[in-house]
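>>> I would like to see how this sequence folds:
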Amino acid sequence: MVMLARVNMALQGAPKAQIFYTDNSLTTKALQPNSFDLICTNPPFGTPKFDKGKNGQNSKANYEANMEQVLGGFRPTQKVVDSYNAWYDHVKMKWQDIGDLELDDNGEPKWAGYRTDLRKTGGTDKKPFYSLQPTTAGLALGSKPDSKGNWQPVGATIDPAVLFIDRCLQLLKPGGRLLIVLPDGILCNSGDRYVREYIMGKKDEKTGEFVGGKAIVKAVISLPSDCFKLSGTGAKTSILYLQKRHANPNQPEQFLPEPQTDVFMAVAETLGYVVKNNIEDYNAGVANDLDKIVSAYKRGE
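Numbering: from 1, shown residues only. Presented below is the predicted three-dimensional model:
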């Protein structure tokens, strides 16, 4: 895969582009916070379905165990390291060691020391109350707020696309841009409202402004249902285009209160091909609506 990726980048005019081979891009230490200008990604989404037989249930148990390991880096923890150089902050241009760290059985950080954006703001030692305090390099979507606003850990059945949103926002430099393919449910379902508010912030009904978000949503482009038909799914998806908010020059770990502007919306009916007999036929004479959509966006329509 690395060789194929390198050949592809060479064909695109970037033969010296860095290629990272990682077991899991959600947890790898090779990718640092605040270090990417642009991320384009089509992450895995949806929760796998398992057979009710023994093998299926064993697979389910392994999947959930692996997800719990991943989720550890997105949650607050009581285990901390006092003098561990956690990660290199590309905004402050120095090593940072702040926030809780998830440790393995040997007491070593599982992650590259990524802090969470959840802070204990009340409650008791047995039942702490965690609030969201967004930073440019933090993570939080291993939890979700309850009806009282207390962020509680989510289970292993969470859609991994939610974690990829969080991770991509962390990896982007302030002002960096993200194009990500997401299932429409994350953009529409009431149960995923907290994810949308995590991105954009909560809307102040008096002023109409969005407060507390990490990004400014630029565009949402709906894709046709057969977009991933060859992958065995007819799930409706969309491209979300956003820009990470800029950092406060006086407090680089905090975001500037930039306003959410109008969001460009479009629907792509066809992508230049039709799927026939498990083959993408590009000679069917159908248009690629993305060409027209990109042109309309550039014109400001």
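
>>> give me the below-cutoff pLDDT ranges for the stretch 1-150 of the chain.
Applying pLDDT under 70 to the stretch 1-150 of the chain flags residues 77-115.

>>> the same query, at a cut-off of 90, please.
Low-confidence segments of the stretch 1-150 of the chain (pLDDT under 90): 1-6, 8-9, 12, 14-33, 44-49, 52, 61-120, 125-126, 128, 138.

>>> where along it do the helices fall?
2-11, 54-71 (DSSP state H, counting those that start in this stretch).

>>> can you redo the ones you listed as CSV with mean neighbour count and distance to residue 296?
Where you see a C-beta, it was placed from the backbone N, CA and C, and this is true even at glycine. Listed next are those as CSV, based on neighbours: other CB atoms under 10 Å; distance: least, CB to CB, whole Å:
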stretch, mean neighbour count, distance to residue 296
helix 2-11, 11, 28
helix 54-71, 14, 38
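
>>> of all those, which lies closest to residue 290?
The closest of the helices of the stretch 1-150 of the chain to residue 290 is helix 2-11. By CB to CB, the value is 19.3 Å.

>>> on that earlier part again, quick one: closest of the helices of the stretch 1-150 of the chain to residue 29.
Using CB to CB, the helices of the stretch 1-150 of the chain put helix 54-71 closest to residue 29, at 13.8 Å.

>>> one step back: for the helices of the stretch 1-150 of the chain, which one sits closest to residue 245?
That would be, of those and by CB to CB, helix 54-71, which comes in at 25.1 Å.

>>> I'd like to know which elements the closest one is packed against.
With contacts taken as 3 or more CB pairs under 8 Å, 6 or more residues apart in numbering; DSSP states H and E, helix 54-71 sits against helix 160-171.

>>> ok and the helix it packs on relative to helix 54-71, angle-wise?
If you take axes from the mean of the first three to the mean of the last three CA atoms, to 10 degrees, helix 160-171 sits at 20 degrees to helix 54-71.

>>> could I have the CA atoms of helix 160-171 written out in PDB?
Extracted as PDB, the C-alpha positions of helix 160-171 are listed here (Å, rounded to 0.1, in the frame of the first residue of the first chain):
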ATOM      1  CA  PRO A 160     -15.700   5.700  14.400                       C
ATOM      2  CA  ALA A 161     -16.500   8.600  12.000                       C
ATOM      3  CA  VAL A 162     -17.100  10.700  15.100                       C
ATOM      4  CA  LEU A 163     -13.700  10.000  16.500                       C
ATOM      5  CA  PHE A 164     -12.100  10.800  13.100                       C
ATOM      6  CA  ILE A 165     -13.800  14.200  13.200                       C
ATOM      7  CA  ASP A 166     -12.200  14.900  16.500                       C
ATOM      8  CA  ARG A 167      -8.800  13.600  15.500                       C
ATOM      9  CA  CYS A 168      -8.800  15.600  12.200                       C
ATOM     10  CA  LEU A 169      -9.600  18.800  14.100                       C
ATOM     11  CA  GLN A 170      -6.800  18.100  16.500                       C
ATOM     12  CA  LEU A 171      -4.200  17.400  13.700                       C
END
